[in-house]
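Engineer: build me a model from this:
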Amino acid sequence: MKTFSSKEEVLIEALPYITTYENKTFVIKYGGAVMTDDALKQTFAQDVTLLRKIGINIIVVHGGGKDITNLAQKLGVESRFVDGMRYTDEKMMQVVMMVLAGTLNKEITGLIIKHGGNAIGLCGIDNGLLRAKKLQSDVDLGLVGDITQVNTAFLQLLMQHDIIPVIAPIGLGEQGELYNINADVAATEIAIAMKAEKLVYLSDTDGVIVDNTLIPTLAKSEALEWIEQGKIYGGMIPKVHSAFEAIEGGVNKVHFINGGIKHALLLEIFTNEGIGTEIINEDAPTTAASQRRRVQRIMEGAVK
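Structural biologist: As a prediction, this is how the structure comes out:
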């Protein structure tokens, strides 16, 4: 990743992106170690606030699996996992509510407000924001849900009033039952429903890594080939599939970035080369930004 020699250089490079993304919607899935590091929490809130101040509509969707596990242990509630996925019974659902809709949600909201943004903490129950049903899968995960509807009018209303929604992924069933929803899934469904320009996943990895190399831009055909070859593997496979679901649902681009890098959001969105992986629609014309990104990474590799 290059360094900038002057503040002017930073602003000049960012200017075309600022113009392009004005009044567009970005959905940001906030998760990983960035949620546990005090300094990174602050810079995330600063980045989100700045994005909104320059005219980008921001929706934050957050996870909190580690905090749920920690509180469950303190309360004596057993954490069960089936094939790596959390089983949610009634007791665990209460813990999920306390963490996701309570402490974590309000902390994130408060930090954005601290740094000058307008934000409101929500979960999917509020005004029927996320309607859900029980997830139908090969294994029973209890009260784990699948989103059936997003209240887009509510989100649009908030954004029209310059408010950043901070959403905990808890869904509301037809009979008032509550469902624990995977945060990646919730972010994807919200991005599709809102016809978002970008869906950005912040996590603990730099992006999609193939043969020890970070892939700057990735299309579906390449990804499927690398999955078949075993070059994309493990937890990245469902993330990549969810990205293509978003692209096929109308989201323009999906980004995977390492939230452990200071101001990761700004570096990914407002610099030519970015810092992570962007997932693109290969049927759409290649944008100038994507082409610059590829060229910059190739040049960096040649220099090294």
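
Engineer: next structured bit after the strand or helix carrying Leu265?
Structural biologist: Using DSSP states H and E, Leu265 falls within helix 264-270. Later in the chain than helix 264-270, the nearest helix or strand by DSSP H and E is strand 277-279.

Engineer: that following strand packs against which elements?
Structural biologist: Contacts defined by 3 or more CB pairs under 8 Å, 6 or more residues apart in numbering; DSSP states H and E place strand 277-279 against strand 217-218, helix 236-248, strand 253-258. Bear in mind the C-beta positions are built from the backbone N, C-alpha and C, glycine included.

Engineer: what pairs with that strand, and is each one parallel or antiparallel?
Structural biologist: Strand 277-279 sits in its sheet next to strand 217-218 (parallel), strand 253-258 (antiparallel), going by DSSP bridges.

Engineer: just the residues contacting that strand, thanks.
Structural biologist: Identification of contacts with strand 277-279 by CB atoms under 8 Å, 6 or more residues apart in numbering yields 206-208, 214-219, 223, 240, 243-244, 247, 253-257, 290, 293.

Engineer: one more time with 10 Å, if that's ok
Structural biologist: 198-201, 205-210, 214-220, 223, 236, 239-240, 242-244, 246-247, 251, 253-257, 268, 287, 289-290, 293-294 (CB atoms under 10 Å, 6 or more residues apart in numbering).

Engineer: next, the buried residues of the helix or strand containing Glu8.
Structural biologist: Taking DSSP H and E as the criterion, Glu8 maps to helix 7-21. Neighbour-count burial for helix 7-21, counted by 16 or more other CB atoms under 10 Å, picks out Glu13, Ala14, Tyr17, Tyr21.

Engineer: skipping adjacent residues, who's closest to the second one in space?
Structural biologist: Ranked by CB to CB, 6 or more residues apart in numbering and with sequence neighbours excluded, the top spatial neighbour of Ala14 is Phe270, at 3.9 Å.

Engineer: quick one: that neighbour from Asp67, how far?
Structural biologist: Between Phe270 and Asp67 the distance is 30 Å, computed by CB to CB, to the nearest Å.

Engineer: and what of Lys195?
Structural biologist: 31 Å.

Engineer: who has more neighbours out of those two?
Structural biologist: The neighbour comparison of Lys195 against Asp67 (other CB atoms under 10 Å) goes to Asp67, with 19 against 13.

Engineer: next, format the buried residues of helix 7-21 as a markdown table and append distance to Lys41 and pLDDT.
Structural biologist: Shown next, in a markdown table, are the buried residues of helix 7-21 (distance: CB to CB, whole Å; pLDDT from 0 to 100):
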| residue | distance to Lys41 | pLDDT |
| --- | --- | --- |
| Glu13 | 26 | 85 |
| Ala14 | 23 | 86 |
| Tyr17 | 25 | 91 |
| Tyr21 | 24 | 94 |
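
Engineer: dump those to CSV, plus distance to Met159.
Structural biologist: Formatted as CSV, the buried residues of helix 7-21 follow (distance: CB to CB, whole Å):
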residue, distance to Met159
Glu13, 27
Ala14, 22
Tyr17, 20
Tyr21, 14
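
Engineer: closest one to Val48 out of those residues, please.
Structural biologist: Checking the buried residues of helix 7-21 against Val48 by CB to CB gives Tyr21 as the nearest, at 13.8 Å.

Engineer: phi first, then psi, for the nearest residue to that closest one once chain neighbours are set aside.
Structural biologist: Spatial nearest neighbour of Tyr21, chain neighbours left out: Ile56 (5.2 Å); criterion: CB to CB, 6+ apart. Main-chain torsions, Ile56, degrees, to the nearest 10: phi -90, psi 130.

Engineer: Ser203 reaches Gly65, doesn't it?
Structural biologist: No. With contact defined as CB atoms under 10 Å, Ser203 does not reach Gly65; the gap is 11.8 Å.

Engineer: overlap in contacts of these two?
Structural biologist: Contact criterion CB under 10 Å, 6+ apart; residues bridging Ser203 and Gly65 by contacting each: Gly31, Gly32.

Engineer: please identify which of those two sits among more neighbours.
Structural biologist: Neighbour count, other CB under 10 Å: between Ser203 and Gly65, Ser203 has more, with 23 against 17.

Engineer: next one: phi and psi at the more buried one?
Structural biologist: Taking degrees, to the nearest 10 as the convention, Ser203 sits at phi -150, psi -160.

Engineer: let me see the contact set for it.
Structural biologist: Ser203 makes contact with 29-34, 63, 184, 235-236, 239, 256-260, 276, according to CB under 10 Å, 6+ apart.

Engineer: distance of it from Thr213?
Structural biologist: Per CB to CB, Ser203 is found 18 Å from Thr213.
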